[in-house]
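Visitor: after the sequence you'll find the predicted model.
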Amino acid sequence: MSPRPHRTTSSPSRSEARSKGRTGPTAIVAFAAAWRRPAGVVRKAGLDPVKSYIFQSPRSRVLGTHGTERRHLCRLSNASVPQAAHLDPRSIRHMDDQDRKLRLEEARIMSDELQASLPKMVPAAGLSLESMLPFKATSLRELLIHRAADLAKTATQHLEDGQVVPGAILTRSLVETVAILFCLHRELERFLSSPNESRLGEFLTSSLVGARWEGHPVQSINVLTAIDKVDKEIPKFRASYDALSEYTHPNWSGLLGSYGAIDRENHELHLGARVRESSLRSIASTLSGSLMAFTHYYNLLADVLKDFNDHFESELPK
């Protein structure tokens with residue numbers, strides 16, 4: 001069997017992008033736009049891929065087959081969508097210290113699993129060459145698990161050390177990461193029921209190379225809009241995000257409440273990090289719930305991405 005033709009058009013290098021006066025995200029956009037299938041290279045049914053799509057991870061599941069080679073998508077241990085009790089700031093107030101330790105232990109276990117399951121690459125040749133959308137969608141999924149693993153590991157460490165503010169800030173960033181993963185799952189399911197390559201392409205491009213600064217050619221997704229979409233599926237998701245935002249900003253929770261104690265008798269302000277059990281309980285519960293949600297939608301995407309890739313494969317000539 002003849003090997004599949006290799007791409008004959010090379011992608012622009014970073015040095016080439018700089019020579020044209022493009023750096024940073026602008027160069028990334030140009031880089032991504034220039035990498036497309038060259039004219040005249042037609043995918044023929046039955047040809048083996050240049051590389052099998054295998055994530056170098058201890059946990060994986062089969063995505064599909066071409067000839068004798070297999071492609072895999074990582075799947076984490078099963079996790080359900082978090083209950084409102086994990087995310088509702090009002091119910092968290094009634095938790096005790098034992099509950100906090102339990103939530104942190106849950107977060108530690110899920111964080112360690114993310115670290116153990118990080119993929120090493122996403123080779124485009126292992127996916128459909130009829131469209132770049134499967135490669136972009138898979139890339140977004142795997143970039144998100146790297147981000148989530150990084151945030152979860154450090155947030156858990158901070159909370160175990162009683163560092164409230166950095167733990168809250170990192171957990172808030174994890175909540176945003178969950179929201180984008182949720183939207184990816186939602187957009188792919190919408191595509192499978194009603195294909196619209198333009199709409200999906202805009203979402204993927206905005207997620208991968210978008211930014212919010214003025215003049216950037218691709219605007220990123222509004223994260224609050226994404227969070228509100230999740231809130232319709234997971235109750236109190238937005239409430240937990242808003243509570244974390246209080247620690248992110250230099251106001252009561254993020255400033256005086258975390259780094260100062262007023263001595264009214266001696267008319268003094270004592271400075272230094274304060275360990276407030278109520279804050280630790282709230283943040284630890286949200287961290288655990290967010291990791292549950294991430295694992296849940298990450299796993300769902302394994303099957304959805306297979307169907308998404310098959311959508312383009314099914315259009316091949318028989």
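Guide: Sure, I can see it.

Visitor: and whichever helix or strand residue 167 is part of, which residues are buried?
Guide: Element membership of residue 167, judged by DSSP states H and E, is helix 164-193. Buried residues in helix 164-193, defined by neighbour count with 16 or more other C-beta atoms under 10 Å: 164-188, 191. C-beta: built from backbone N, CA, C; applies to glycine.

Visitor: now do it: which elements does it pack against?
Guide: Applying 3 or more C-beta pairs under 8 Å, 6 or more residues apart in numbering; DSSP states H and E, one finds that helix 164-193 contacts helix 133-160, helix 197-209, helix 223-231, helix 237-248, helix 257-259, helix 277-313.

Visitor: out of these, nearest to residue 115?
Guide: Minimum separation from residue 115 across the helices and strands packed on helix 164-193 (C-beta to C-beta) falls at helix 133-160, 5.2 Å.

Visitor: list the helices and strands the closest one packs on?
Guide: The contact analysis (3+ C-beta pairs under 8 Å, 6+ apart) places helix 133-160 against helix 97-116, helix 164-193, helix 197-209, helix 277-313.

Visitor: at 10 Å what do you get?
Guide: Helix 133-160 sits against strand 69-73, helix 97-116, helix 164-193, helix 197-209, helix 277-313, with contacts defined as 3 or more C-beta pairs under 10 Å, 6 or more residues apart in numbering; DSSP states H and E.

Visitor: tabulate the ones you listed in CSV, adding columns for mean pLDDT and distance to residue 129.
Guide: Converted to CSV, those look like this (pLDDT from 0 to 100; distance: least, C-beta to C-beta, whole Å):
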stretch, mean pLDDT, distance to residue 129
strand 69-73, 44, 13
helix 97-116, 88, 30
helix 164-193, 97, 18
helix 197-209, 95, 15
helix 277-313, 92, 9
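
Visitor: so which of these gets nearest residue 133?
Guide: Nearest to residue 133 among those is helix 197-209 (6.1 Å), distances taken as C-beta to C-beta.

Visitor: show me which positions of the closest one end up buried.
Guide: 200, 202-209.

Visitor: that helix packs against which elements?
Guide: Applying 3+ C-beta pairs under 10 Å, 6+ apart, one finds that helix 197-209 contacts helix 24-34, helix 133-160, helix 164-193.

Visitor: got the ones you listed as TSV, with distance to residue 253 columns?
Guide: TSV is the format used below for these (distance: least, C-beta to C-beta, whole Å):
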stretch	distance to residue 253
helix 24-34	33
helix 133-160	15
helix 164-193	8
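
Visitor: out of those, flag the one nearest residue 236.
Guide: The stretch from those with the least distance to residue 236 (C-beta to C-beta) is helix 164-193; that distance is 11.4 Å.

Visitor: residue 305 versus residue 126, what's the distance?
Guide: 12 Å (C-beta to C-beta, to the nearest Å).

Visitor: which one of the two has more residues nearby?
Guide: Each of residue 126 and residue 305 has its neighbours counted (other C-beta atoms under 10 Å); residue 126 has more, 26 against 21.

Visitor: shouldn't residue 254 be in contact with residue 169?
Guide: Yes: between residue 254 and residue 169 there is a contact at 8.5 Å, judged by C-beta atoms under 10 Å.

Visitor: need the overlap of contacts for these two.
Guide: Any residue near both residue 254 and residue 169 by C-beta atoms under 10 Å, 6 or more residues apart in numbering counts here, and that gives 244-245, 247-248.

Visitor: how about these in CSV, adding distance to residue 275, pLDDT and neighbour count?
Guide: Below are the shared contacts of residue 254 and residue 169 laid out as CSV (distance: C-beta to C-beta, whole Å; pLDDT from 0 to 100; neighbours: other C-beta atoms under 10 Å):
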residue, distance to residue 275, pLDDT, neighbour count
244, 17, 95, 27
245, 21, 96, 16
247, 13, 94, 25
248, 18, 93, 17
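
Visitor: can I get these in JSON lines with distance to residue 104?
Guide: What follows is the shared contacts of residue 254 and residue 169, written out as JSON lines (distance: C-beta to C-beta, whole Å):
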{"residue": "244", "distance to residue 104": "16"}
{"residue": "245", "distance to residue 104": "21"}
{"residue": "247", "distance to residue 104": "17"}
{"residue": "248", "distance to residue 104": "20"}
